[in-house]
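*Asks:* okay, here's the prediction I keep looking at, along with the sequence it came from:
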Amino acid sequence: MVAVKFLRSMLTQDQSKENVIGLAWGRTIGAMADAFLPVNAPDLQFVSLRGR
């Protein structure tokens, strides 16, 4: 999946800075999560973009 490869490359390029990834809900995000392999990024945070 191209989106997974792109996200993984972004996360592994420069691990010296803190990364925050905002995610929405949907089938695409679910498919990305299923295809994503673990990555060593201790400062990485995922936050929900879902409103109230």
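*Replies:* Arrived safely, thanks for sending.
*Asks:* now the residue lying closest to Trp25 once chain neighbours are set aside: how far from Met10?
*Replies:* What sits nearest to Trp25 in space, not counting adjacent residues and going by CB to CB, 6 or more residues apart in numbering, is Arg50, at 5.9 Å. All C-beta spots, glycine's among them, are computed from the backbone N, C-alpha and C. Using CB to CB, to the nearest Å, Arg50 is found at 22 Å from Met10.
*Asks:* which stretches of the chain have low pLDDT?
*Replies:* By pLDDT under 70, the weakly predicted segments of the chain are 14-16, 51-52.
*Asks:* max-length helix in it?
*Replies:* helix 2-13 (DSSP state H).
*Asks:* residues contacting it, please?
*Replies:* Contact partners of helix 2-13, identified using CB atoms under 8 Å, 6 or more residues apart in numbering, comprise Asn19, Ile21, Thr28, Met32, Ala35, Phe36, Leu37, Val39, Ala41, Leu44.
*Asks:* mind running it again at 10 Å?
*Replies:* Residues outside helix 2-13 that contact it (CB atoms under 10 Å, 6 or more residues apart in numbering): 1, 19, 21, 28-29, 31-37, 39-41, 44.
*Asks:* and those, which two are furthest apart?
*Replies:* Pairwise distances across the contacts of helix 2-13 peak at 24.7 Å for Thr28 and Asn40 (criterion: CB to CB).
*Asks:* so between these two, which is more surrounded?
*Replies:* Thr28 (11 against 8; other CB atoms under 10 Å).
*Asks:* what is the three-state secondary structure of the more buried one?
*Replies:* Recorded secondary structure, Thr28: helix (DSSP: H, G, I helix; E, B strand; the rest coil).
*Asks:* cool, thanks, talk later.
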